[in-house]
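**Student:** Everything below, folded, please.
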Amino acid sequence: MEIKSPSSSGRFLQGLRNDAIWLIVSLLVAGGLVLSFGLLAEEVIEGDTSSFDRAVLMAFRSAGDPTSPIGPPWLVEMGRDVTSLGSFAFLGFVTVASVGYLLIAGKRRYAVLVAAAVTGGEAISTLLKIAFDRPRPDLAHTARVFTASFPSGHAMLSAVTFLTLGALLAKANPIPASKRTSCRLQCF
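**Tutor:** Predicted structure coming up:
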């Protein structure tokens with residue numbers, strides 16, 4: 001008995017079906033994330049998250065002295081170091097270095113993509129912070145921050161910057177499995 005290999009048109013149609021499935025799944029995930037953000041934003045606007053936020057903040061502080069974080073000094077320093085990976089200065093450096101490298105490498109389209117993604121993420125973050133204008137908790141011995149607390153600029157800009165660079169790295173990787181992954185990432 002001879003096993004026939006699928007024709008090129010059959011593989012093409014299968015590829016289209018797989019791409020369509022990934023597109024649908026991606027749109028569902030994106031829609032779910034936007035809905036989740038909307039529900040959380042509604043709770044923040046109504047002030048329903050204040051007691052939860054305070055409880056989480058105090059869980060990481062000494063009961064006798066709320067100005068003192070729990071744990072050894074090296075843990076506090078490590079937390080500060082990890083937090084700095086989402087800082088405006090660090091992400092700005094990573095963005096400028098990446099755009100510069102991409103321009104030198106002749107990848108102008110990718111350089112524009114990175115610059116537009118990060119600049120757009122910063123603009124959206126700033127507009128949302130202005131819209132919500134949620135004050136930061138009043139805690140002593142915390143880093144000085146001059147913007148509103150919701151949504152998190154660290155989380156948003158880190159995600160935009162590192163996911164954009166990760167998608168470009170996956171696309172540039174010569175391994176076929178990563179090429180398929182990068183094609184699926186383009187659905188976002």
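
**Student:** Quick one: list the elements packing against the lengthiest helix in the chain.
**Tutor:** As assigned by DSSP state H, the longest helix anywhere in the chain is helix 8-46. If you count contacts as 3 or more Cβ pairs under 8 Å, 6 or more residues apart in numbering; DSSP states H and E, helix 8-46 packs onto helix 108-132, helix 176-185. Where you see a C-beta, it was placed from the backbone N, CA and C, and this is true even at glycine.

**Student:** Now for T119, how many residues are close by?
**Tutor:** 12 (other Cβ atoms under 10 Å).

**Student:** Now stretch 150-157: average pLDDT?
**Tutor:** Averaging pLDDT along stretch 150-157 gives 81.

**Student:** Please export the C-alpha coordinates of the host helix or strand of L157 as CSV.
**Tutor:** Per DSSP states H and E, L157 falls inside helix 153-172. Presented in CSV, the C-alpha positions along helix 153-172 are these (Å, rounded to 0.1, in the frame of the first residue of the first chain):
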residue,chain,number,x,y,z
GLY,A,153,3.9,52.1,33.4
HIS,A,154,6.6,49.6,34.4
ALA,A,155,4.5,46.6,33.4
MET,A,156,3.1,48.1,30.3
LEU,A,157,6.3,49.5,28.8
SER,A,158,8.3,46.4,29.7
ALA,A,159,5.8,44.2,28.0
VAL,A,160,5.7,46.4,24.9
THR,A,161,9.5,46.8,24.7
PHE,A,162,10.5,43.2,25.5
LEU,A,163,7.7,41.5,23.6
THR,A,164,8.4,43.6,20.5
LEU,A,165,12.1,42.7,20.6
GLY,A,166,11.3,39.1,21.3
ALA,A,167,9.0,38.8,18.3
LEU,A,168,11.7,40.4,16.1
LEU,A,169,14.3,38.0,17.5
ALA,A,170,12.0,35.0,16.8
LYS,A,171,11.4,36.2,13.3
ALA,A,172,15.1,36.6,12.6
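
**Student:** Report the buried residues of it.
**Tutor:** Buried residues in helix 153-172, counting neighbours by 16 or more other Cβ atoms under 10 Å, are found at G153, H154, M156, L157, S158, V160, T161, T164, L165, A167, L168, A170.

**Student:** Against which helices or strands is it packed?
**Tutor:** helix 88-104, helix 108-132, helix 176-185.

**Student:** Okay, now the unreliable bits of the chain?
**Tutor:** Across the chain, residues meeting the criterion (pLDDT under 70) sit at 1-16, 137-146, 148-149, 173-188.

**Student:** Centroid-nearest residue for it?
**Tutor:** A159 (1.6 Å; Cα atoms, centre = their mean).

**Student:** how close does that residue get to A115?
**Tutor:** Distance from A159 to A115, counting by Cβ to Cβ, to the nearest Å: 17 Å.
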